[in-house]
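1. This is a predicted model, with the sequence first.
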Amino acid sequence: MGTEDYAPEDLKKEFFKIGVSNDFKTTNDQLTISLSGLEENIEKGISLLQHWMYKVKPDQEIYKQFVETVLENREAMKKDKNRIMTALTNYTKLGEFSRFTDVISKEELQNSEVEIFTDRMKRMFAFPYQIFFYGKNLENFKTYIDNYVEVSSLEIRSLRSIPSLKPMGK
């Protein structure tokens, strides 16, 4: 989805122009948002990401397309033998609390208004989070990151400072 300032395709182009890409991954208990690309443009990437997340413009038609994709993926997973085995194994361990049974129903997906989800996006940074930085100039990063985060919930860690991760090429 886009914002008042950027159509969805324009937003993608803006990220491309500054050489920064974004990625969203979810697990059972967390969301990871990654920005990667040219270190000198990461601040612009953070600004653009926040603009998008705070000012996302609800678009019911795009949401309907998303729902169709989700439902098609669900149907495909029902035919994937490996996925079925994983789901059965998970169910035998956890019973009805399996993550494979904890999904939004087809009807709920189809009948939901996109504003429910865009409003959640707009509040995302109000929750506690951590920032991990991997780059050459952590001190420079620290000079501007406070402009983009709620300092009370901020924890900045350089991946170089995590003992189990070793810097690449050094």
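-> Right, received. Where do you want to start? Everything quoted here is computed from the prediction, not taken from an experiment.
2. Pull the contacting residues for Gly2.
-> For Gly2, the contacting residues are Pro8, Glu9, Asp10, Leu11, Trp52, Val56, Lys57, Asp59, by CB atoms under 8 Å, 6 or more residues apart in numbering. Backbone N, C-alpha and C define where each C-beta goes, glycine included.
3. Swap in 7 Å and give it another go.
-> Pro8, Asp10, Leu11, Lys57 (CB atoms under 7 Å, 6 or more residues apart in numbering).
4. May I ask which helix or strand encompasses the third one?
-> With secondary structure defined by DSSP states H and E, Leu11 is part of helix 8-17.
5. Show the average pLDDT along that helix.
-> When pLDDT is averaged over helix 8-17, the result is 94.
6. Kindly report the same for stretch 66-73.
-> Stretch 66-73 comes out at a mean pLDDT of 93.
7. Same question for stretch 107-119.
-> In this model, stretch 107-119 carries a mean pLDDT of 89.
8. Would you mark the buried spots in the strand or helix carrying Ile116?
-> Assigned by DSSP H and E, Ile116 belongs to helix 114-123. Buried positions in helix 114-123, judged by neighbour count with 16 or more other CB atoms under 10 Å: Val114, Thr118.
9. Also stretch 130-140?
-> Phe133, Leu138.
10. What of stretch 106-114?
-> Leu109, Val114.
11. how many other residues sit next to Phe15?
-> Per other CB atoms under 10 Å, the neighbour tally for Phe15 reads 19.
12. Please apply the same query to Met1.
-> Met1 has 19 nearby residues by other CB under 10 Å.
13. Repeat that for the one 5 residues further on.
-> Tyr6 has 18 neighbouring residues, counting by other CB under 10 Å.
14. can you count the residues close to the closest residue to it other than its chain neighbours?
-> Distances taken as CB to CB, 6 or more residues apart in numbering put Glu14 closest to Tyr6, at 6.4 Å, once the chain neighbours are dropped. Residues lying near Glu14 (other CB under 10 Å) number 17.
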